[in-house]
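1. A predicted structure for the sequence below; I have some questions about it.
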Amino acid sequence: MKIRRITATPINLNLEAPYVWVFGELDGFSPTIVEVETDDGLVGLGEAPSAAAAAIIAEVLAPRLIGRDAFDIAGAESVCLPFWTGVQSINDRNRIMAFGAIEMALWDLRGKAWNQPLYQLLGGAVRKEIPFTDYFSLRGNGNNKVGEKTPEEVADYCVELHETCGTTFFEGKFSTEDPRISLRMLELIRKKLGDNVMLRIDSNQAYSLATARQLVRALEELNVRNWEDPVGTIEEMRELRRHCSIPFSTHNMDIARAIDLRVPDAIVGNPAVHGGIGRLVRFIGACEHAAIDFWCYSGDSGVGSAAYLHLCAALSWIREPNQSLFRMQATDVIEGGPFSPRNNVVSVPEGPGLGVALARDKLANCHRDYVERGPKNKYHDPARPGTYRRLPLN
């Protein structure tokens, strides 16, 4: 089975209302949807979390792969990323992410050719109900959605999710310039929903070490389950550990530094960022050996999210809920999407490969939005820490 064509389509995935974070407001994401077609008509799907991947695939990677064996994933990597140590050391990881999306599509092709879901190709399922958090944040107004402007409205939104969807796993943005606003959100959610709901927070490196120290006691009293990127660097995170018992997570995937510095407690990632499903499986194995947790982050279409579901089904070490913006997405590019957690879980797709199919009309609409309006906020490269401005405690 030979690769006949590779198509890379940059799209905009709009949120129903923009959420507020350290950068301002974010109203969506601009990933690239990849289709790898074989000479017998099978099409494998992949996704890169960057619109820049589309040009790299079209101009650099696809010409190297056309005519090659679609099952030879190792061979595909060797011609696309021949010097892995070198490509990891550069600042721009778009080439790695571009290949990661193609590699995902090649796994999807394997599953379709052999009529097996991806989790079976990875060794079978240890679970089929995959846990996710529901996201909360202050939000602006979207085209068809009035966002939550106050901590009270955010807490009411979480109560609604709890009552209508059975949500007890929550994660939210904790990166307002005045952190007392974010603290008020958490206090109200805890007050309204009690001690049995999980609360994780993500600060996106918003705060100085001094500010983070001042927040520790209040966050511990609120029983925060995990604090993602509370400060700008892993070195500062190590210093904060002296004052804080809350587990830390990060998008920085430098596992060697994590082992050496004994922080963070978890790394939050994405298959394409690591160079594909195969490399992510190996990375998670290294995390398990080092007793560092791993879970998947949010902002992908149903294609990338399906890959998360299969990885979580097959790998027992992914023990904590993954992040989810499913309910905040205005649309998706897969049939029946976006996924919708119920009682904190989404069932792994049981179809061959990733188990999802593109909705061509939705893909066309999302691509048109990208062409007409340009990309959303540029993807932040987790390999370049310390790029966020830090906010003082007022």
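-> Everything's here; your move.
2. Helices of the chain, residue ranges please.
-> Under the criterion DSSP state H, the chain contains helices at 53-56, 62-65, 73-80, 84-89, 94-114, 118-121, 151-165, 179-193, 209-221, 234-241, 255-261, 277-289, 302-314, 360-373.
3. Make JSON lines from these and add mean neighbour count and distance to residue 296 to it.
-> Where you see a C-beta, it was placed from the backbone N, CA and C, and this is true even at glycine. Output for these, formatted as JSON lines (neighbours: other Cβ atoms under 10 Å; distance: least, Cβ to Cβ, whole Å):
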{"stretch": "helix 53-56", "mean neighbour count": "23", "distance to residue 296": "18"}
{"stretch": "helix 62-65", "mean neighbour count": "17", "distance to residue 296": "26"}
{"stretch": "helix 73-80", "mean neighbour count": "16", "distance to residue 296": "20"}
{"stretch": "helix 84-89", "mean neighbour count": "11", "distance to residue 296": "20"}
{"stretch": "helix 94-114", "mean neighbour count": "25", "distance to residue 296": "13"}
{"stretch": "helix 118-121", "mean neighbour count": "22", "distance to residue 296": "14"}
{"stretch": "helix 151-165", "mean neighbour count": "17", "distance to residue 296": "20"}
{"stretch": "helix 179-193", "mean neighbour count": "19", "distance to residue 296": "23"}
{"stretch": "helix 209-221", "mean neighbour count": "17", "distance to residue 296": "24"}
{"stretch": "helix 234-241", "mean neighbour count": "20", "distance to residue 296": "20"}
{"stretch": "helix 255-261", "mean neighbour count": "15", "distance to residue 296": "16"}
{"stretch": "helix 277-289", "mean neighbour count": "18", "distance to residue 296": "9"}
{"stretch": "helix 302-314", "mean neighbour count": "27", "distance to residue 296": "4"}
{"stretch": "helix 360-373", "mean neighbour count": "15", "distance to residue 296": "21"}
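4. In terms of mean pLDDT, which of these ranks lowest?
-> Note on the helices of the chain: helix 84-89 shows the lowest mean pLDDT, a mean of 67.
5. Skipping adjacent residues, who's closest to residue 185 in space?
-> What sits nearest to residue 185 in space, not counting adjacent residues and going by Cβ to Cβ, 6 or more residues apart in numbering, is residue 151, at 4.2 Å.
6. check contacts around the one you found.
-> 138, 181, 184-185, 187-188 (Cβ atoms under 8 Å, 6 or more residues apart in numbering).
7. How about residue 213?
-> 240, 243-244.
8. backbone phi and psi for the residue nearest the centre of the chain, please?
-> Centroid check for the chain by Cα atoms, centre = their mean gives residue 297 as the closest residue, at 2.5 Å. Main-chain torsions, residue 297, degrees, to the nearest 10: phi -90, psi -180.
9. Does it touch residue 269 like I think?
-> Yes: using Cβ atoms under 8 Å, residue 297 is in contact with residue 269, at 6.8 Å.
10. what residues do those two have in common as contacts?
-> In contact with both residue 297 and residue 269: residue 251, using Cβ under 8 Å, 6+ apart.
11. and the gap between the residue nearest to residue 185 and residue 264?
-> 27 Å (Cβ to Cβ, to the nearest Å).
12. Show me how the chain divides into domains.
-> 3-114, 121-358 (automatic domain parsing).
13. Please identify which of those domains is closest to residue 369.
-> domain 3-114 (4.2 Å; Cβ to Cβ).
14. End to end on that closest one, go ahead and measure it.
-> End-to-end distance for domain 3-114: 16 Å, by Cα to Cα, to the nearest Å.
15. Next: stretch 215-227.
-> End-to-end for stretch 215-227, by Cα to Cα: 11 Å.
16. residues making contact with that stretch?
-> With contact meaning Cβ under 8 Å, 6+ apart, stretch 215-227 is reached by 174, 179, 183, 186-187, 190, 195, 198-201, 203, 207, 230, 240, 243-249, 265-266, 320, 393.
17. residues in contact with residue 98?
-> Counted by Cβ under 8 Å, 6+ apart, residue 98 has contacts 8, 32, 48, 50, 52-53, 56-57, 60-61, 272.
18. To clarify, my last question referred to residue 65.
-> 3, 6, 76, 79-80, 102.
19. Which members of the residues you listed define the maximum pairwise distance?
-> Every pair of the contacts of residue 65 checked by Cβ to Cβ; the farthest is 6 and 79, at 13.0 Å.
20. returning to what we had before: now render the domains of the chain as a markdown table, adding distance to residue 366.
-> Converted to a markdown table, those look like this (distance: least, Cβ to Cβ, whole Å):
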| stretch | distance to residue 366 |
| --- | --- |
| domain 3-114 | 4 |
| domain 121-358 | 6 |
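21. quick one: which of those is nearest residue 368?
-> Nearest to residue 368, of all those, is domain 3-114, at 8.9 Å by Cβ to Cβ.
22. wait, residue 94 sits on residue 53?
-> Yes: Residue 94 is in contact with residue 53 according to Cβ under 8 Å; the separation is 5.8 Å.
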